[in-house]
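> The following comprises the amino acid sequence and a computationally predicted model.
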Amino acid sequence: MERHTVDERKVARSAASSTKASAKLEDRILPPDFVRSPRITELLDKRRRSS
């Protein structure tokens, strides 16, 4: 099988799609009008920066 380069954006899009489908199967979908609390938003921001 030949090696080829894959666009990083396509990989990210595929991973996001897969994650969303998995969450739906496990009934972990948040309603569209859901708003995270400021503390949780801050926690997630810190975790993303440290990654």
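Everything's here; your move. Bear in mind that the values here come from a model prediction, so they are computed numbers and not experimental data. Residues are numbered from 1 along each chain as shown.
> Pick out the residue closest to the middle of this protein.
residue 16 (5.0 Å; C-alpha atoms, centre = their mean).
> does that one count as helix, strand or coil?
helix (DSSP: H, G, I helix; E, B strand; the rest coil).
> Let me see the contact set for it.
The contact partners of residue 16, by C-beta atoms under 8 Å, 6 or more residues apart in numbering, come to none. (Each C-beta comes from the backbone N, C-alpha and C, glycine too.)
> and it, how far is that from residue 37?
Shown here: residue 16 relative to residue 37, a distance of 23 Å by C-beta to C-beta, to the nearest Å.
> And for residue 18, the neighbour number?
10 (other C-beta atoms under 10 Å).
> mind checking pLDDT for it?
Listed pLDDT for residue 18 reads 95.
> residues contacting it?
With contacts taken as C-beta under 8 Å, 6+ apart, residue 18 has no neighbouring residues.
> How about residue 36?
residue 44.
> Name the SS class of it, please.
coil.
> just checking, next helix/strand downstream of the strand or helix carrying residue 11?
Under the criterion of DSSP states H and E, residue 11 resides in helix 8-25. Sequence order places helix 38-50 as the next helix or strand after helix 8-25, per DSSP H and E.
> Dump that next one to CSV, restricted to CA.
The C-alpha trace of helix 38-50 is given here as CSV (Å, rounded to 0.1, in the frame of the first residue of the first chain):
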residue,chain,number,x,y,z
PRO,A,38,-17.9,30.2,33.9
ARG,A,39,-15.9,27.9,36.2
ILE,A,40,-16.2,24.9,33.9
THR,A,41,-15.3,27.1,30.9
GLU,A,42,-12.2,28.3,32.8
LEU,A,43,-11.2,24.8,33.7
LEU,A,44,-11.5,23.6,30.1
ASP,A,45,-9.5,26.6,28.9
LYS,A,46,-6.7,25.8,31.3
ARG,A,47,-6.7,22.1,30.2
ARG,A,48,-6.5,23.0,26.6
ARG,A,49,-3.6,25.4,27.2
SER,A,50,-1.6,22.8,29.1
